[in-house]
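Visitor: pasting the structure only:
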């Protein structure tokens with residue numbers, strides 16, 4: 001079944017990285033737990049039957065229900081797979097929110113691929129707060145499964161959503177925990193993630209990162225060191241601030257500070 005490179009268990013999810021040799025064939029098998037899988041490198045074809053064959057590469061995220069049987073054939077570069085298994089405790093949640101969890105799905109949405117990559121980044125991160133990011137990202141990935149009654153989605157904004165925004169604005173500098181926020185407003189994490197995405201057109205993780213970058217931009221107008229700004233904004237260190245800030249603004253914090261001073 002491939003070489004297990006690393007595994008972590010967080011919040012009812014099991015995260016595992018597998019590596020496969022070139023041209024390896026996995027005979028027909030099934031998995032006890034439902035899981036998401038994404039291709040980190042290489043490619044393979046998945047055969048559920050003679051008529052149901054899908055090509056798997058880094059462009060999509062696959063969802064496999066518990067007990068699904070299939071075989072796999074890897075290409076001439078082999079492959080590295082990142083798997084997110086759902087422990088049995090999530091079965092009732094999938095049923096409660098009427099997610100289509102009994103059928104396999106290929107999630108082609110760019111958001112699903114981005115979430116899987118964010119989960120893998122947290123998976124490989126040795127920072128103590130990475131466990132919170134792993135759990136939150138996996139829960140948001142559940143949101144990408146289709147609803148059984150998509151056309152009848154309730155468009156009303158929950159009354160507690162304002163409380164969620166208030167919490168994020170007040171505590172963006174602290175480690176982000178979707179589960180803790182959901183508990184404080186009395187709603188399920190999946191429901192909170194869905195409602196927030198529907199109302200704000202972004203994930204809660206993205207919203208928190210935007211708040212941190214906004215704080216850093218204002219702080220860079222002063223004389224505080226970059227390490228102090230990173231700590232107060234909620235970044236793990238100065239290099240973390242630099243990576244996120246550059247991705248959001250196209251420049252490093254030092255470049256932004258210099259540009260601000262010149263314009264002033």
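Guide: That came through, no problem. Because the structure is a prediction, the values reported are computed rather than measured.
Visitor: can you tell me how far residue 99 sits from residue 105?
Guide: To residue 105, residue 99 is 10 Å away according to Cβ to Cβ, to the nearest Å. Bear in mind the C-beta positions are built from the backbone N, C-alpha and C, glycine included.
Visitor: Residues that sit against both of the two, list them.
Guide: 145, 146 (Cβ atoms under 8 Å, 6 or more residues apart in numbering).
Visitor: ok, the closest residue to residue 185 other than its chain neighbours - how many residues close by?
Guide: With Cβ to Cβ, 6 or more residues apart in numbering as the criterion, residue 185 has its nearest non-adjacent residue at 4.1 Å, and that residue is residue 160. Using other Cβ atoms under 10 Å, residue 160 is surrounded by 16 other residues.
Visitor: Residue 173 contacts residue 234, correct?
Guide: Yes: the criterion here is Cβ atoms under 8 Å, and residue 173 meets it with residue 234 at 3.8 Å.
Visitor: more crowded one of these two?
Guide: residue 234 (21 against 15).
Visitor: quick one: contacts for the more buried one?
Guide: Residues in contact with residue 234 (Cβ under 8 Å, 6+ apart) are 172, 173, 174, 175, 176, 208, 212.
Visitor: Can you say which two of those residues are spatially most distant?
Guide: By the measure Cβ to Cβ, 175 and 212 form the most distant pair in those, at 11.8 Å.
Visitor: These two - which one has more neighbours?
Guide: It is residue 212, of residue 175 and residue 212, that has more neighbours when counted by other Cβ under 10 Å, with 24 against 17.
Visitor: Give the residue spans of the stretch 1-150 of the chain that score low on pLDDT.
Guide: Counting by pLDDT under 70, the stretch 1-150 of the chain shows low-confidence ranges at 1, 50, 149-150.
Visitor: all helices for it, in order.
Guide: Under the criterion DSSP state H, counting those that start in this stretch, the stretch 1-150 of the chain contains helices at 91-96, 110-124, 130-142.
Visitor: can you redo the ones you listed as CSV with distance to residue 196 and mean neighbour count?
Guide: CSV is the format used below for the helices of the stretch 1-150 of the chain (distance: least, Cβ to Cβ, whole Å; neighbours: other Cβ atoms under 10 Å):
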stretch, distance to residue 196, mean neighbour count
helix 91-96, 17, 14
helix 110-124, 13, 19
helix 130-142, 9, 23
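Visitor: for the ones you listed, which one sits closest to residue 5?
Guide: Smallest distance to residue 5 across the helices of the stretch 1-150 of the chain (Cβ to Cβ): 10.0 Å, for helix 110-124.
Visitor: For the closest one, which helices and strands make contact with it?
Guide: Judged by 3 or more Cβ pairs under 8 Å, 6 or more residues apart in numbering; DSSP states H and E, the packing partners of helix 110-124 are strand 3-10, strand 13-20, strand 35-47, strand 61-64, strand 69-86, helix 130-142.
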